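1. what follows is a predicted structure for the sequence shown.
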Amino acid sequence: MKRIAAVVPAYNEEKAIAAVVADINSAPLPAGYSITAVVVNDCSKDSTSEVISKLNCIALNLPINLGIGGAVQTGFKYAFENGFDYAIQIDGDGQHPASEIHKLVNHAIEHNYDVVIGSRFISKEGFQSSALRRFGINYFKWLNRLLVGVTINDSTSGFRLINRKVLEVVNEYYPDEYPEPEAIILYSLNHFKTGEVQVQMKERQGGVSSIGAFSSIYYMFKVSLAIFYTFIRIKFKK
Amino acid sequence: MAKIQIIAIATSLLFLLYIVRLIIKGKLREEYSIVWIVCTVVLILFSFWRDGLEIMANLLGVYEAPNLIFTGAIFAIFIYLLHLSVVVSKLQSQNKQLAQDIAMLKEKMENK
């Protein structure tokens, strides 16, 4: 039996989180796979911690707010220390439908991928997000191709499956703020095979995006810088 | 001895005393106090040795002696600020590690 940890970072998600966990627990999976929801409450100000303590999931309550990257890493660390074979990140706001998890798992098995990213943009289906976000995504696509030579269509997607080899790496280091594009570089430089599969995403069911329109410029700048540093750090270590 | 010298020496000594007091009370760690003690000693040195500044400026080829103070002081401040940024970054990463461990330990305790 292969065990998958569904890591759900949650910040002020009291309304959406119960449905997300229920979705995960009833998600269809390939034969021989089981899934456990690991909800990481990033020191929410609302009643998220009470809500998740009553749900059928592992509840990790952070004593201070770490931001999305730190919260997701907490889930990865839990998965690594407790011997899970895979971890899949699923946002707490209901954007990532659990019914699509099997697509990622199947894709990883078929092509022997270490990382599989659930992407909105291979073909145009479902919720597509805003023009500004799409511009950012295209920019990161270009940057990824330039630095590590892999083409990822949706590098800001948090909906991704990683196997135990990758868990071992992210247990040690995972980016803090806006981790998704930087993590792709991290994976490629560690020679993990990264694949992408088309999934349908929904519009968020509740909560607010970790990226406001106002901070978009900061986001682009900070992530570019982080990607660049990660690139240099790993390139020169070897 | 000029009036300004006495004021400068007194102020520097008071400052030094305050730093020592902070260390004794445990509010300032020794490693961060070194830079402050060195600064105070330099201040006291130049308070006694009035021609020192001119001599140092001539030695380094600085035409206006006060400019040497500004250059030196601003450089020292930048270096110290950078050092503090490094300290804060280290604290932040240790803080994150602690928070993550606490979250996992809490979970372990509640399930026993």
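-> Received, thanks.
2. drop to CA atoms for contacts and neighbour counts, all remaining ones
-> Will do.
3. the spatially most central residue of chain A in helix, strand or coil?
-> When C-alpha atoms, centre = their mean is applied to chain A, the residue found nearest the centroid is A:G158 (3.2 Å). Here A:G158 is recorded as coil under DSSP: H, G, I helix; E, B strand; the rest coil.
4. is it in contact with A:E180, as I believe?
-> Yes: here A:G158 reaches A:E180: they are 6.2 Å apart, a contact under C-alpha atoms under 8 Å.
5. ok, now which ones touch the residue nearest to the centre of chain A?
-> Shown in contact with A:G158 (C-alpha atoms under 8 Å, 6 or more residues apart in numbering or on different chains): A:89-91, A:117-118, A:180.
6. please go through the residues you listed and note which also touch chain B.
-> Among the contacts of A:G158, not one lies near chain B by C-alpha under 8 Å from any C-alpha of the partner chain.
7. any chance of TSV for the residues you listed, columns pLDDT and neighbour count?
-> Below are the contacts of A:G158 laid out as TSV (pLDDT from 0 to 100; neighbours: other C-alpha atoms under 10 Å in any protein chain shown):
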residue	pLDDT	neighbour count
A:Q89	94	24
A:I90	92	29
A:D91	86	25
A:I117	91	28
A:G118	89	27
A:E180	86	22
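8. now do B:F75 against B:L82, distance only.
-> 11 Å (C-alpha to C-alpha, to the nearest Å).
9. tell me what the biggest helix by length in chain B is packed against?
-> As assigned by DSSP state H, the longest helix anywhere in chain B is helix B:65-110. Helices and strands touching helix B:65-110, by 3 or more C-alpha pairs under 8 Å, 6 or more residues apart in numbering or on different chains; DSSP states H and E, are strand A:58-61, helix A:67-81, helix B:52-60.
10. between these, which one is closest to A:K2.
-> Taking C-alpha to C-alpha, helix A:67-81 is the member of those nearest to A:K2, at 12.5 Å.
11. report all helices and strands that the closest one contacts.
-> Here helix A:67-81 touches strand A:2-10, strand A:33-41, strand A:86-89, helix A:164-172, helix B:65-110, going by 3+ C-alpha pairs under 8 Å, 6+ apart.
12. repeat the analysis, applying 6 Å as the threshold.
-> Helix A:67-81 sits against strand A:2-10, with contacts defined as 3 or more C-alpha pairs under 6 Å, 6 or more residues apart in numbering or on different chains; DSSP states H and E.
13. list the buried residues for the following helix or strand past the strand it packs on?
-> Next along the chain after strand A:2-10, taking DSSP states H and E as the criterion, comes helix A:17-25. Along helix A:17-25, these residues count as buried under the neighbour rule (16 or more other C-alpha atoms under 10 Å in any protein chain shown): A:17-21, A:23-25.
14. wait, which of these is closest to chain B?
-> For the buried residues of helix A:17-25, the closest approach to chain B (C-alpha to the nearest C-alpha) belongs to A:V21, at 17.2 Å.
15. do you know how far that closest one is from A:P97?
-> Taken as C-alpha to C-alpha, the span from A:V21 to A:P97 is 11 Å.
16. tell me the contacts of A:H96?
-> A:90, A:201 (C-alpha atoms under 6 Å, 6 or more residues apart in numbering or on different chains).
17. now swap in the one 3 residues further on and tell me
-> With contacts defined as C-alpha under 6 Å, 6+ apart, the neighbours of A:S99 are A:A27.
18. which residue is the nearest non-sequential neighbour of B:E54?
-> For B:E54, ignoring the flanking residues on the chain, the nearest one in space by C-alpha to C-alpha, 6 or more residues apart in numbering or on different chains is B:A65 at 5.7 Å.
19. what does the pLDDT read for the spatially closest residue to B:E64 that is not a sequence neighbour?
-> Spatial nearest neighbour of B:E64, excluding adjacent residues (C-alpha to C-alpha, 6+ apart): B:A57 at 7.4 Å. The confidence metric pLDDT takes the value 87 at B:A57.
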